[in-house]
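**Student:** Quick one: sequence and predicted model below, then my questions.
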Amino acid sequence: MTSNSHHDGGLQAPQQRASCSKVVALLADYLEEQLPPARHAELTRHLETCSSCLAQLKTYRSTVSLLRSLREEDLPSDLRLMLSTFLNEHAVH
Ligand SMILES: [Zn+2]
């Protein structure tokens with residue numbers, strides 16, 4: 001009888017390419033071109049084949065460009081606060 005047969009519930013999914021959650025987490029850096037070239041290429045490759053991540057990318061990019069096109073003083077303070085919170089959570093500066 002072996003007593004060392006503990007296991008932690010199957011964490012070992014073999015991953016050779018970037019997972020969707022990892023890609024989404026790196027989207028901000030990807031768009032800002034802050035990633036190392038190899039990682040950037042890895043994400044580009046993933047986005048070419050993964051429509052859900054591509055949709056995330058487009059949503060993120062359009063949100064950021066919308067924000068950049070707005071002048072801050074045009075925004076109500078509540079909205080400005082909400083947007084800056086969003087950017088702080090999703091962008092790295
Ligand atoms: Zn994906």
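**Tutor:** Alright, I've got the coordinates. Keep in mind that what you see is a predicted model, and the values were worked out from it rather than measured.
**Student:** give the contact list for residue 24.
**Tutor:** Residue 24 makes contact with 53, 56 under the criterion Cβ atoms under 8 Å, 6 or more residues apart in numbering. (Glycine included, C-beta is placed from N, CA and C.)
**Student:** For it, give its distance to residue 70.
**Tutor:** Per Cβ to Cβ, to the nearest Å, residue 24 is found 24 Å from residue 70.
**Student:** just residue 49 next, same as before
**Tutor:** Residue 49 is 33 Å from residue 70, by Cβ to Cβ.
**Student:** who's more crowded, these two?
**Tutor:** Legend: neighbour count by other Cβ atoms under 10 Å for residue 49 and residue 70, higher for residue 70 (13 against 9).
**Student:** what number of residues lie near residue 20?
**Tutor:** For residue 20, the count of nearby residues is 12 (other Cβ under 10 Å).
**Student:** show me the contacts for it.
**Tutor:** The contact partners of residue 20, by Cβ under 8 Å, 6+ apart, come to 46, 50, 52-53.
**Student:** For the chain, what lies in contact range of the ion?
**Tutor:** For the chain, the residues in contact with the ion (Cβ under 5 Å from the ion) are 20, 50, 53.
**Student:** Is it possible to get a markdown table of the residues you listed that adds pLDDT and secondary structure?
**Tutor:** Listed next are the residues of the chain next to the ion as a markdown table, based on pLDDT from 0 to 100; DSSP: H, G, I helix; E, B strand; the rest coil:
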| residue | pLDDT | secondary structure |
| --- | --- | --- |
| 20 | 94 | helix |
| 50 | 95 | coil |
| 53 | 95 | helix |
